[in-house]
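Participant: No letters, just coordinates:
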């Protein structure tokens, strides 16, 4: 009497399935933990792109002239809600750390000086706000929206980029690291 | 003095301001860091055409799956202006892509570059399709090999005696 061939579980099919699915699961798992709208920060660690921009008061600011000083560069706009929340934090930072040699600069992003002036008059202005015609400096810094704040060390390198309204504790922590 | 110290001194003598060269405003003003590889584009129509082509390959950072060329947001307008300026100066499409990748990472490219792990994106679907076709082919061949051959036609006997014996055996 003939016996039918032994049919055990097909382990190689299972192994192949796992091998194919594992990378997919890994990709999905890593993707779920990320904000799909977040633009990756590629600027931290790079030399801060130089610029020569006019302030709302008509003064010219050349970043290269500030070498040797830590710089906090904040891109903002009057139409940006989070910028309004962040504004007093930066003002307080400039008042506290300005005398210690930290330079605060604002850059107007996608906005008009005519709207920025009354805003600053109302909410306070202790550091210059620069006008970025055509938004070219914003592009040089990889700005994707506002607010964005760049912390530049004395050597002119970007040491941190905050793509969110910065809080007072974080600002203090960053500035202490910059001094 | 050791030969290493001598080498260091020689290096410092030849390149005394190497560290300061990192901060070169002229290069930063050009924003790319290298000389243009191409020729300056002066014809407005050609400039617009090339700018559009390059901008079409860049992702608008504040839009949903839209290219810089198709968007009129502040971010996209600034990027288009920078592309146009760089094209006018003679920077090639590849140089301009590098400029944006340096600032926004490869995320900014609507088509991921064909290198490294990105090959998975390009070759993955084809490879999976081929693997699937192979699996289906193997399954079909095995199935065909396992199909039992049709049973031989039952024997019939004209002889009534033999027929009766068969009926007895079957019952």
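Facilitator: Cool, the structure landed. Owing to the predicted nature of the structure, the values given are computational and were not obtained by experimental measurement.

Participant: list the buried ones in the helix or strand of chain A with the lowest mean pLDDT?
Facilitator: Least confident element among the helices and strands of chain A, by mean pLDDT, DSSP states H and E: helix A:11-32 (a mean of 85). Buried residues in helix A:11-32, counted by 16 or more other C-beta atoms under 10 Å in any protein chain shown: none are found. No exception for glycine: its C-beta is placed from N, CA and C like everyone else's.

Participant: Now the helix or strand following it: average pLDDT?
Facilitator: Following helix A:11-32 in sequence order, the next helix or strand is strand A:52-55 (DSSP states H and E). Over the span of strand A:52-55, the pLDDT mean works out to 96.

Participant: Show me which positions of stretch A:97-107 end up buried.
Facilitator: A:97, A:102-107.

Participant: Tell me which residues are up against it.
Facilitator: A:53, A:61, A:66, A:69-76, A:90, A:93-94, A:126-130, A:132, A:137-138, A:175, A:178-179 (C-beta atoms under 8 Å, 6 or more residues apart in numbering or on different chains).

Participant: Report the entries of those residues that also contact chain B.
Facilitator: Among these, the residues lying close to chain B (C-beta under 8 Å from any C-beta of the partner chain) are residue A:138.

Participant: Next step: the contacts of stretch A:97-107 restricted to strands.
Facilitator: Under the assignment DSSP state E, those contribute A:53, A:61, A:71-76, A:129-130 to strands.

Participant: Check these against chain B and report the nearest one.
Facilitator: Distance to chain B, by C-beta to the nearest C-beta, is smallest for residue A:75 among those, at 10.9 Å.

Participant: The closest one against residue A:140, yeah?
Facilitator: No - between residue A:75 and residue A:140 there is no contact, the gap being 11.2 Å when judged by C-beta atoms under 8 Å.

Participant: Have a look at these two and say which one is more surrounded.
Facilitator: Per other C-beta atoms under 10 Å in any protein chain shown, whichever of residue A:75 and residue A:140 has more neighbours is residue A:75, with 27 against 23.

Participant: Check the secondary structure at residue B:36 for me.
Facilitator: What DSSP: H, G, I helix; E, B strand; the rest coil gives for residue B:36 is coil.

Participant: Could you report the pLDDT at residue 93?
Facilitator: Using chain A. 97.

Participant: My question was about chain B, not that one.
Facilitator: 95.

Participant: quick one: it and residue B:54 touch, right?
Facilitator: Yes - using C-beta under 8 Å, residue B:93 makes contact with residue B:54 at a distance of 5.1 Å.

Participant: These two - which one has more neighbours?
Facilitator: residue B:54 (23 against 15).

Participant: For the helix or strand hosting that one, which outside residues touch it?
Facilitator: When secondary structure is defined by DSSP H and E, residue B:54 falls within helix B:44-55. Here helix B:44-55 makes contact (C-beta under 8 Å, 6+ apart) with B:41, B:67-69, B:76, B:79-80, B:83-84, B:87-88, B:93, B:96-97.

Participant: Please apply the same query to stretch A:16-25.
Facilitator: B:120, B:128, B:131.

Participant: what's the answer for stretch B:107-125, then?
Facilitator: With C-beta under 8 Å, 6+ apart, stretch B:107-125 has contacts from A:23, A:39-40, B:56-59, B:61, B:67, B:97, B:100-101, B:106.

Participant: The same query, at a cut-off of 6 Å, please.
Facilitator: With C-beta atoms under 6 Å, 6 or more residues apart in numbering or on different chains as the test, stretch B:107-125 has contacts from A:40, B:57-59, B:67, B:100.

Participant: Buried ones among these?
Facilitator: Buried among these (16+ other C-beta under 10 Å): B:57-59, B:67, B:100.

Participant: Mark which of these are part of helices, please.
Facilitator: Residues of the buried ones among the contacts of stretch B:107-125 located in helices (DSSP state H): residue B:100.

Participant: Tell me which two in the buried ones among the contacts of stretch B:107-125 are the farthest apart.
Facilitator: Farthest apart among the buried ones among the contacts of stretch B:107-125 by C-beta to C-beta are B:67 and B:100. That separation is 12.2 Å.

Participant: That'll do, ta.
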